[in-house]
Each structure stands twice: as structure tokens, then as C-alpha cells.
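Colleague: structure, please.
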Amino acid sequence: MSASYELHGDVAVITLNNPPVNGLGYDTRKGITDGLERAENDPAVKAVVITGAGKAFSGGADIREFGSPKATQEPNLLSVIKMAENTSKPVVAAIHSVCMGGGLELALGCHYRVAAPGTQVALPEVKIGLVPGAGGTQRLPRVIGVENALNMIVSGDPVKSEVLAGIPGQKLFDRIIEGDLLAGALAFAREVAGQRPLPRVRDLKAEHEQGAGYFQFARNTVKAMARNFPAPAKCVDCVEAATTRRFDDGLAFEREQFINLMLTPECAALRHAFFAERAASKIPDVPEDTPVRAINKVAVIGAGTMGGGISMNFLNAGIPVVILEMKQEALDRGVGVMRKNYEAQVKKGKLKQDKFEQRMALLSTTLDYSAIGDADLVIEAVFEDISVKEQVFKQLDAVMKPGAILATNTSTLDVNKIAAFTKRPQDVIGMHFFSPANVMKLLEVIRGEKTGKDVLATVMQLAKKIKKTAVVSGVCDGFIGNRMIEQYSRQAGFLLEEGCTPEQVDKAIERFGFAMGPFRMGDLAGNDVGWYIRKRRYVEKPEMRYSKTADLLCEMGRFGQKTGAGWYDYKPGKRDAIPSPVVNEMIEKHRADMGIQPRKISDDEIVGRLVYALVNEGAKILEEGIALRASDIDMVYLTGYGFPLFRGGPMCYADSQGLFNVVQAMKRFAKNPNDDAQFWQPAPLLARLAAEGKSFN
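Modeller: Next up is the predicted model:
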């Protein structure tokens, strides 16, 4: 049983025991109802305490049962709560550590609640596209007030138990218990054992003095903030129902919204992302108990934008960093930028002054390779050129202590080649951070042919510590993210040649939900970066066709925001992209030189070509084993490239459209004489899945 039953004199204690967070799976639910029945039928029992073993009261639904018949099998959570509420003896929830989702809903169904300080309390269902489904929207407003409850339900964020206990007039917690929670809960249960009638949350009133006006205001606010997600607005409807309907009718309304949302593509996308993030950290041939190396000091080579951003991640996690540069002025400049970044956070109130000082105190700098030899991990963030990397790695091989991990932040170069510059290829790995490295969540972890399993396990664990989402990639040109984005960018270039302006392409893909379109993204990253890669491509892959527009732009010296001009014009000190007549003229002239008659291109075609270019290349990456699973590709795009979360990533989006339809669209694109017909041959994996009526995920 995932819930145990014990007698402590005249009080029965039911303990949820389903690690890691006592998820309310079928066996746990059954354990609770069996325990309640035993207590009800035992005349010696005067009261019941429900608590959780280990590190949680309960984190809510058992995600391992999501979508399976067990998730709704009776007794479902509503039935468990109903039974607790109708038990004729007082039922006391003894809450600690984590009390979220269904765990909080269960506690709200008990007659009394006592809590340990520091408990994280939340209804986080909105984060996976749902409303709470077992009475959370009906009971929480009754115990902490409508506005407090609505804020918690719409944000899904946890609040500490002592903060909630401090709300004037709250009825959520009957007592905060310092010290031994179970001993305190038993004493409290004996105090209330004789009290009748038993208090029930459902019998309390939920009301707001502004009524409909307040809820309309809340709805407008939520719609502005979460326009692509239906769940937050439904949360408002449900809380309003708590104030306008009889309790059971409100409960039925909440359940109806929960079931309807379960069927929306947005909910499917959010649940997909939720599971994808957990799956990404699992590597089939690297068991979870693989021994890891201790990382107590990190060295970073290069104090530029990347080097500084990478360093901040480790300083934020309390790990000392030493930065190495060739020249003192480069060091001073790099450290100055980091200091500015931190000072801006202090100014905004996001960082306390003493924390800022602690972080800067962990940072040291050097111009000498021999000063970094004692670091446990060194990350190279120098210019993206194989000969520069060779010099650096030969130096590192000479000075780093045995067992140190040697990482490269390369975004496209061959990690096996880089590893071969050393006598310890087993210690070499790619750690590809995304700019700005102190902000972006994604870390592509590149596993070389000879990378040790313990090295891979160490880096994956370290990623969690520095709050990154790590995705493993094999070695290929551009790894997962940049290899796919190259095809997306090539399509963007062809669209210009065929009749689009940069602004039209960007607007279409931004309406689809991307954070920014390909041309604004190029201006932000620096158009010279892509130029440098294309020059390499012209030599290595002469058969690959590109639009000349990007090269012509670079020949004009328009490298993007840093030069005040790229695909767009920029005013000094501002980031607003202003359409450029000069650029549009250049595109028109190039079109005429190629003899292309411009045509009107729909937003649907723009989005289809850009997104399906990602999908087709993603299918090749999957087939080659560069990515372990389709959901890993989605994770890369959700956390590193601004792909819209409510669409779940490129592979999830393709699944939602039906792979049959994706293949049909590609066949249409292949007939366009100005596009690359060869590229639009569906990847073998995609063609096979479509023919069999299957999907990537």
C-alpha cells in the first residue's frame, strides 16, 4: 500500500508513502479511503491525522498515471475528499514541506489543517494548461479570500505556509506547529476530538464586495498576460463560480472546465513540455547512479559576452570562478560588464546588495594558464575557429590537473576534433550555452565519441545546479539547435527573394508565437556570425544553396544592432527595429538580377516553410541518433530559440498538425522553382511515420 495506517492511542494516523512527492496515484488514494474506513469503524479511534512520509505532504496527482485509466479509477480524488469530509470523526491534515495541487485539495477537504513552517503551498495546475480539478477553485477562496486565492490559482506559484497563516481572518491553517509536526498534530487532534459539528470548508462563504466588476477586471488582466493560454481565464470563471453558485454546482462547473481544458492543444503542449523536461535528463546508457566528479572550482577561458555570461551562472550557484584572458584590458572590460549586470539586478530589487558582493567575491581573474590548473572544470569560450580552439586545448591539456573536465562552448565545431587536440579525450565535452548565457535556460551538452560516462553525468547534474535545462546532443555540424535553425534561416532568405520583406516574414512568425522572427534574431545575434559560417559552408558543402541577400547585407557592413544597422535600422541606444528602405532596395535589385518576378506570399506559407524546415531537419537529427528523442528537440527549441510554449516545440507541433499533412505541405513546397526542392524531400523517418499514421512523440 502507498499509504500506511497506525494507531497512536486514540488517534489513527494515515501516512501517504509514494516517493518522491507522495503523488496521489490509485494505490495511495485507495490507502487513504481504506484507512478512513478503518478509523470510522473502530470505536477506540477518536480522531484521524493524515500526513506524508519523507520530503512532502503531497505534490498532487501522480504524473506517472497521467492519461492512463488509473488516473480516474475510483476512488478518484474527488471521492477521497468527499469521504474525508463526511467522516464522523475529526480528520486533521498535518502538512509539511510540499503541499501542492491535489495534495492541497485533499487538505482542504479535511476538517482541520495544521502545518510546519516553510511548507510550499500551491495549486500549480495552470502551468500544465489546466484548472485545479478536485475543488481547489471552490475551497481555497473560502479560506484565504477571493483575491488571494485567485492570485495563487492563476499564477500557480507556491506560497510559504507562514505567509498564508498571516492573512487576516484566514481559515486555511488552524495552527502552525514549530518542532515535531506529528507530535503537534496528535495533540491538536485530541484537543478537537470532542467538538461537533465538524467544520467543513464547503460550508464557508466565498464573496467579493465588487462581485462581477472585480471578476471582469481580473479576466481582462489575465487575458492580456496569457493571451495564448485558455486555462488562466477559466481559473477566473471557476473562482467566480465559487462566489455565485451553490457549492456542489461550483464543483461540477470546475470539473467541466478541467475536462474541457484537458482536450485543448495548449494543454497537450504544456503537458508535453512538462514531461519532455524530465525526460531530457535521462540518458539510456548512463544510469542514474553513475558516480560523478566533484566540481568545486570552475575556470572560464575568455571574458567576452559568452565567457562573462557563463561565469555568472556558476557565481550565482555559489561556485568560485577564475576567468583567463590574454590581455588585462579584456579582463577589466569583461568583469565590468558582469558587475553592471549584477548592479542592474540590485537596482531592480531582484538581487540583494550582500548577495551581489558574495558573488563578486567568488570571482578571480588571471592572464596565466598555470593559475587555473587546480580547477575541476574548465570551459573554453573563445573565437569560433578550429585553429584558435586547438591552441587553447593544447594549453589546457598541459596545465589542467588529472580528472579535470575540459569543456568547449563551441556552437558548430567538431567536438571529437577538439578532444583529439588533447591526450585525454575522455575528459572533453561540449557545453553550448546560449546568449545571453546568464539568462537563457538551454544548455546543449555535446557528447563526443570518447566522452566518459562520468563526465556526462557530472555535467548533467551540474546543469541542474546552475538552473539550466540540459539536452544531450551527439556530434554534428551545429548540433541540434543550430543545425535546424540553419534550414529555417535558408527558407527565410528564399522568401525574401520570392517577394517578402524582412518585416513581413518576422511579423508572420511572431504572430504564430515566436519571441522574434529570423531577421530580428539575426540583427540581435550579429549577422557577421552567420556570414562567417556560410563562408565555411561554401567550401565544405558547395551544393548547399543560400539566398545571396544575407551576404550582400554583410558586405554593406550592416551586422545588426551592434553596428546600428542590419536587416533593420536602429536608433542609438534603442532596440526598436525600423524597416530599412536601403535594405528593401537591395533585396529588390537582387531579385531583378536573378530574374525573379515577386509574388504575394501568405502568412500561412511563411510559417509553414519556416516551421516545417525545422521539423524536416529535426527528423534527420533523430534518425541519425544526434538527439535521443523527439521531445529533446522540442526542449531545445522551447528553451533556447523562443519557440511558442503553447505549441509544444516543432516536433510536437508537427504531431498536432498530423504528419500526413506535414508531408503533403512539403511536397507542395518542393514544386516551387525558387526553393530548394532537394531539401523538401521528407526525411526517411518522417515519411515512414506519416505513411504508418504515427507521430514523433
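Colleague: any regions of the stretch 1-150 of the chain where pLDDT drops low?
Modeller: 1 (pLDDT under 70).
Colleague: which residue ranges form the helices in it?
Modeller: Along the stretch 1-150 of the chain, the stretches classed as helices by DSSP state H, counting those that start in this stretch are 26-41, 77-86, 102-109, 136-144, 146-155.
Colleague: lowest average confidence, helix or strand, in this structure?
Modeller: helix 527-540 (a mean of 87; mean pLDDT, DSSP states H and E).
Colleague: run through who's touching that helix.
Modeller: 384, 412, 486, 489, 522, 544, 546, 550-551, 553-554, 558-560, 566-567 (Cβ atoms under 8 Å, 6 or more residues apart in numbering). For glycine as for every other residue, the C-beta is placed from the backbone atoms N, C-alpha and C.
Colleague: quick one, grab the pLDDT at residue 653.
Modeller: Residue 653 carries a pLDDT score of 97 in this model.
Colleague: and it, how far is that from residue 46?
Modeller: Per Cβ to Cβ, to the nearest Å, residue 653 is found 57 Å from residue 46.
Colleague: so those two - more neighbours on which side?
Modeller: It is residue 653, of residue 653 and residue 46, that has more neighbours when counted by other Cβ atoms under 10 Å, with 25 against 18.
Colleague: which SS class is the more buried one?
Modeller: helix (DSSP: H, G, I helix; E, B strand; the rest coil).
Colleague: dump the residue contacts of it.
Modeller: Neighbouring residues of residue 653 by Cβ under 8 Å, 6+ apart: 269, 611, 615, 647.
Colleague: farthest-apart pair in these, please.
Modeller: Greatest spatial distance among those (Cβ to Cβ): 269 and 615, at 15.0 Å.
Colleague: not counting its neighbours along the chain, what's nearest residue 175?
Modeller: Nearest non-adjacent residue to residue 175, counting by Cβ to Cβ, 6 or more residues apart in numbering: residue 114, 4.6 Å away.
Colleague: does that neighbour really touch residue 184, like I thought?
Modeller: Yes: the pair residue 114 / residue 184 is scored as a contact, 6.4 Å apart, by Cβ atoms under 8 Å.
Colleague: which residues do the two both contact?
Modeller: Residues touching both residue 114 and residue 184 by Cβ under 8 Å, 6+ apart: 94, 175, 177.
Colleague: distance of the first one relative to residue 631?
Modeller: Okay, so that is residue 94. Residue 94 is 38 Å from residue 631, by Cβ to Cβ.
Colleague: with residue 393 instead?
Modeller: According to Cβ to Cβ, residue 393 stands 33 Å off from residue 631.
Colleague: cool, residue 211 as well?
Modeller: Residue 211 is 44 Å from residue 631, by Cβ to Cβ.
Colleague: got a ChimeraX select line for the buried ones in the contacts of helix 527-540?
Modeller: Of the contacts of helix 527-540, the buried ones go into a single ChimeraX selection, burial set by 16 or more other Cβ atoms under 10 Å:
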select :384,412,486,489,522,546,550,551,553,554,558,559,560,566,567
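Colleague: tell me which of the contacts of helix 527-540 is nearest to residue 226?
Modeller: Of all the contacts of helix 527-540, residue 522 has the smallest distance to residue 226: 29.0 Å, by Cβ to Cβ.
Colleague: the closest one in helix, strand or coil?
Modeller: helix.
Colleague: what's the domain layout of this structure?
Modeller: Domain segmentation of the chain under automatic domain parsing yields 3-262, 298-473, 481-691.
Colleague: next, the distance between the ends of the second one.
Modeller: Distance across domain 298-473, first residue to last, is 23 Å (Cα to Cα, to the nearest Å).
Colleague: related to what we said a few turns ago, in helices only, show me the contacts of helix 527-540.
Modeller: If you go by DSSP state H, the contacts of helix 527-540 have 486, 489, 522, 550-551, 553-554 in helices.
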